[in-house]
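Visitor: build me a model:
(2 chains)
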Amino acid sequence: EDKVVQSPLSLVVHEGDTVTLNCSYEVTNFRSLLWYKQEKKAPTFLFMLTSSGIEKKSGRLSSILDKKELFSILNITATQTGDSAVYLCAVEASNYQLIWGAGTKLIIKP
Amino acid sequence: ETGVTQTPRHLVMGMTNKKSLKCEQHLGHNAMYWYKQSAKKPLELMFVYNFKEQTENNSVPSRFSPECPNSSHLFLHLHTLQPEDSALYLCASSQDRRTTSGNTIYFGEGSWLTVV
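Guide: Next up, the predicted model:
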């Protein structure tokens, strides 16, 4: 059965810290991996990863995919209170199904 | 603003009521989705419409009934729901069904449903 597991489920850090969020997967016919940020509203797209070892970067956020070990990480450096959110990982599998993880709830304390 | 608008944002309904959730996208997309999001659980895909045709129904109980009158609008009709149906219902759209073609999926802000 296809599955996506995110860890940790929740994380509390102080402003300025660096955090690493994990997403591991077991999915038939992997096509892509996506990261989303969900504050108390619509999940918003962060990154799409299809190739191993190529870092995607946007400001203080970056992500990389390891297709051999079947995981991705999302890094946030110099965290700010506005980074507090649930971070969702999803993997697109065969038949274009998106398999979602349960999310990591990140809380940034001032 | 993501270009996907959902109404109502909050809904409380009794188990014998009939209500509907509405979704409208202003992005010119051809695929639309209903997801259920419960606390601490992965997003559950409920229904997919591609070019107005329902392409997926993931074993959703018949008390949930989708309707897609055109490629911009999607409804979820609700009747005789159960308390365990209380959740955030998210509508989403994408250019078409395939995300790896460079499309991304855009979400609405969701409708919080409470069944009492």
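
Visitor: what's across from the most centrally placed residue in chain B in the sheet?
Guide: Closest to where the C-alpha atoms of chain B average out (Cα atoms, centre = their mean) is B:Trp34, at 2.5 Å. Here B:Trp34 sits in beta bridges with B:Phe47, B:Cys91, as judged by DSSP bridges.

Visitor: can you tell me what sits against the helix or strand of chain B with the lowest mean pLDDT?
Guide: Least confident helix or strand of chain B, by mean pLDDT, DSSP states H and E, is strand B:53-57 with a mean of 80. With Cβ atoms under 8 Å, 6 or more residues apart in numbering or on different chains as the test, strand B:53-57 has contacts from B:45-49, B:66, B:68, B:97. Where C-beta positions appear, they are placed from N, C-alpha and C, glycine not excepted.

Visitor: compare the residues you listed and tell me which is most surrounded.
Guide: Among these, B:Val48 has the most neighbours (other Cβ atoms under 10 Å in any protein chain shown), with 24 neighbours.

Visitor: quick one: the strands in chain A, in order.
Guide: Using DSSP state E, the strands of chain A run over A:3-7, A:10-14, A:19-26, A:32-38, A:44-49, A:56-58, A:61-66, A:71-76, A:85-92, A:98-100, A:104-109.

Visitor: among these, which is nearest B:Leu11?
Guide: B:Leu11 sits nearest to strand A:32-38 of all the strands of chain A, at 19.8 Å, using Cβ to Cβ.

Visitor: can the closest one be said to contact chain B?
Guide: Yes. Strand A:32-38 is in contact with chain B by Cβ under 8 Å from any Cβ of the partner chain, via A:32, A:34, A:36.

Visitor: also stretch A:99-110?
Guide: Yes. Stretch A:99-110 reaches chain B (Cβ under 8 Å from any Cβ) through A:99-103.

Visitor: what's the pLDDT at residue 21?
Guide: Using chain A here. We have a pLDDT of 98 for A:Leu21.

Visitor: um, chain B though
Guide: So B:Leu21 comes in at 97 (pLDDT).

Visitor: hmm, it is touching B:Tyr89, no?
Guide: Yes. With contacts counted by Cβ atoms under 8 Å, B:Leu21 reaches B:Tyr89, the gap being 5.8 Å.

Visitor: what does chain A have sitting close to chain B?
Guide: Contact residues, chain A versus chain B (Cβ under 8 Å from any Cβ): A:4, A:9, A:31-32, A:34, A:36, A:41-45, A:48, A:50, A:88, A:90, A:92, A:96-103.

Visitor: give me the buried subset of the residues you listed.
Guide: With burial judged by 16 or more other Cβ atoms under 10 Å in any protein chain shown, the buried subset of the residues of chain A next to chain B is A:4, A:31-32, A:34, A:36, A:42-43, A:45, A:48, A:88, A:90, A:92, A:96-103.
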